[in-house]
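[1] Show me how the following folds:
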Amino acid sequence: MFFRRQADTRCRACGEKSHLSTVGDVAPTHPGPFHTAEFSLILCPECESVYLDPAPDTDDLRVLYEESLQFADDHYTSPEQVARILEYYGSAIRNLGLLPDRNARVLEIGAGFAWVSRASKDASPSCTTVAQDVSAECAERCSWVDRYHVGSLEEMPQMEPFDLASMTHVIEHLVEPEAMLRSVSQRLKPAGKLFVTAPYRPTGWKPGKGIEPWKSYSYLHVPAHVTYFSRQWFTRVAPRHGMRVVHWDARHEDGQAFELVLQRN
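    Predicted coordinates:
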């Protein structure tokens, strides 16, 4: 049974007052060290997001992203896996109409190996690709990126606006995701698109099922994954920053991950 909090508690994800409820307690899945070993998952019925409480602090983020290697195993580098990744992103670019025919400008946020940039170059060799990541781990390994910025998006110099921005398995890591949407919107052309993929829920999970399905969920990464978003969250929050939902699909990986496209007004 959930622990029901006060009616006027404000949701950290959407900012609305809500009857927040505790799904249950979860332990770190990364060795750390972190500022606490006691985390909970919180559900907001207003935006239907599930988020980690407390959020990771600045020191936690440094341990996760500056003091750890993220792309060291074959999951990211084997030829078979690379082919699967590029097939998926190439299909998304084609089927969702993410790029104009020529001279597109692509911004990949939290890029890592910058697979969307690579698939964009394959689909449209005339496109310009810019990648951003707080880590330099992959910066010298992406010949398909025209410019790789190491540092925060806010620190990246202003440049000509983009036709497409992407955050693939990135937004769930952000402590302030709405601030990121605002920053991305400011860098998109009118009618430009933001392509997002991220974890969603354990297969078939509903609030009444409690915490147990989360404990075996492959995307439960504590404290790296801060928020598990919903369509409702994007429907509420994106218009605050001049964007709207034009595509949502939460059927990926048997309902465990979603695919989203936002378009700037």
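[2] Identify all contacting residues around stretch 166-177.
    Contact with stretch 166-177 is made by 13, 55-56, 61, 89, 106-110, 115-116, 180, 184, 194-199, 219, 224-229, 237, as judged by Cβ atoms under 8 Å, 6 or more residues apart in numbering. Quick note: C-beta positions are derived from backbone N, CA and C, even for glycine.
[3] In that stretch, which residues are buried?
    166-168, 170-175, 177 (16 or more other Cβ atoms under 10 Å).
[4] With just CA atoms, put that stretch into CSV.
    C-alpha atoms of stretch 166-177 as CSV (Å, rounded to 0.1, in the frame of the first residue of the first chain):
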residue,chain,number,x,y,z
SER,A,166,18.0,14.4,-30.0
MET,A,167,18.2,13.0,-26.4
THR,A,168,18.4,9.2,-26.6
HIS,A,169,18.4,7.6,-23.2
VAL,A,170,19.5,11.0,-21.7
ILE,A,171,16.5,12.8,-20.2
GLU,A,172,16.0,10.2,-17.5
HIS,A,173,19.4,11.2,-16.1
LEU,A,174,18.6,14.9,-15.7
VAL,A,175,17.8,16.4,-12.3
GLU,A,176,16.2,19.4,-14.0
PRO,A,177,14.6,18.0,-17.2
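[5] mean confidence score for that stretch?
    Average pLDDT, stretch 166-177: 98.
[6] With stretch 201-221 instead?
    The average pLDDT for stretch 201-221 rounds to 96.
[7] Pull out the buried residues from it.
    Within stretch 201-221, the residues scored as buried using 16+ other Cβ under 10 Å are 201-202, 205, 213-214, 217, 219-221.
[8] need the residues you listed in CSV with secondary structure, can you?
    Below are those laid out as CSV (DSSP: H, G, I helix; E, B strand; the rest coil):
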residue, secondary structure
Arg201, coil
Pro202, coil
Trp205, coil
Pro213, helix
Trp214, helix
Tyr217, coil
Tyr219, coil
Leu220, coil
His221, coil
